[in-house]
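Participant: Dropping the sequence and predicted coords here.
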Amino acid sequence: MNPVALARASRPINRTRRAFLGTGLAAGAMGLAAWPEAQLLAQQMVDFVEGGPMPDIAPVQLSQHVWTIYATDGFPTPENRGMMSNVSFVVTSAGVVILDSGSSVQIGRMAIRMIKKITSQPVVAVFNTHYHGDHWLGNHAFVEAYGEQLPIYALPGTMAQIKGYEGSQWHSLMMRWTNQATAGTKIVPPNHAAANGQVLQFGEVTLKLHFFGKAHTAADLSIEVVPDKVTAVGDLAMANRIANIDDGSYPGTFKYFKELTAATGDQLWLPGHGVATRDLLQTYGKFLAGIWEPCLQAVKDGKTESQAKAMVLADPRVASRAKTMQGFDSNIGKYTSLAYLEAEKEAF
């Protein structure tokens, strides 16, 4: 999905009308509350203005300190209420650290409920790996619960995009894609700039931050949980979904993988979409190479983009994933085209 392209076809949200409805319905709900029979109707009125609660999803423990609330779907729908990306967290003696906050205030609140079942520690920091909205729109829930001074870390490029066009664009599109299930979510940008090589200590747990240039986007932050040998990589690599690379770079991704591996060593790689594995960068890198290398060769041989696509689809590294990878059929053409265009620049 390309949020920029989709947005051009979408209508802007009438926030004034929504605010008016919210005020009127809240007042009506208070009046109706005088009758016990009206409590359900009152809640339905609130849900009309603000999407209903996200159903609980039990976290999975990955290591001594790291837990993940896995999203089973790779794309947002009204049925999954936008639960398309993992919300992970690190439990330390100094508090809980969030690694990507989810797609909405409702998902963030669900994550808080799940965290409270595991520890009484408060959330003391949030990290946003990049500026695609399914990784940061949940910031609202954590600020709502733990205060506006809660540190939210991201790379400067991510901070700028969320504060600008991308932030409002993702907010609107998530509402549209989920049929308003994320209604009520506010844009809460990161407030602490992160940097490559930065080290932060939370109790007994050391976090080290990594950034090696344009890859999935121009500002992808990886967070290494040092004692656990777990590194959250956002959307740099995905377990079983073809990633949006509209804002990124194929050779930049290969470079990032190489430098991140050199900097961290053997890790359990935790993606934003799909399950964590130790060979994630290898397997996803292999798939991407199956797109990139045929396109680069096609450009060098003077072949057309259509011929390049045929080469990509015939490549065993791609063909082996075609039947099982989420979003393959709807995205392989576009991402082959992007590879071909980038290969033209690379070759010449």
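Facilitator: That came in fine, so what should we check first?
Participant: the strands in this protein, which residues?
Facilitator: Applying DSSP state E to the chain gives strands spanning 60-61, 66-69, 87-92, 95-99, 123-127, 152-154, 192-193, 199-202, 205-210, 222-225, 230-234, 268-271.
Participant: Tabulate these (a markdown table), appending mean neighbour count, mean pLDDT and distance to residue 286.
Facilitator: Quick note: C-beta positions are derived from backbone N, CA and C, even for glycine. Shown next, in a markdown table, are the strands of the chain (neighbours: other C-beta atoms under 10 Å; pLDDT from 0 to 100; distance: least, C-beta to C-beta, whole Å):
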| stretch | mean neighbour count | mean pLDDT | distance to residue 286 |
| --- | --- | --- | --- |
| strand 60-61 | 12 | 98 | 25 |
| strand 66-69 | 23 | 98 | 24 |
| strand 87-92 | 25 | 98 | 24 |
| strand 95-99 | 25 | 98 | 25 |
| strand 123-127 | 24 | 98 | 28 |
| strand 152-154 | 25 | 98 | 29 |
| strand 192-193 | 14 | 98 | 34 |
| strand 199-202 | 14 | 98 | 31 |
| strand 205-210 | 19 | 98 | 21 |
| strand 222-225 | 24 | 98 | 19 |
| strand 230-234 | 27 | 98 | 16 |
| strand 268-271 | 24 | 98 | 14 |
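Participant: Dump those into CSV; add distance to residue 288 as well.
Facilitator: What follows is these, written out as CSV (distance: least, C-beta to C-beta, whole Å):
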stretch, distance to residue 288
strand 60-61, 26
strand 66-69, 23
strand 87-92, 23
strand 95-99, 23
strand 123-127, 24
strand 152-154, 24
strand 192-193, 29
strand 199-202, 30
strand 205-210, 19
strand 222-225, 17
strand 230-234, 14
strand 268-271, 14
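Participant: So which of those strands is nearest residue 287?
Facilitator: Comparing those against residue 287 with C-beta to C-beta, the closest turns out to be strand 268-271 (13.0 Å).
Participant: distance of the most centrally placed residue in the chain from residue 150?
Facilitator: With distances taken as C-alpha atoms, centre = their mean, residue 135 lies nearest the centre of the chain, 3.1 Å away. According to C-beta to C-beta, to the nearest Å, residue 135 and residue 150 sit 17 Å apart.
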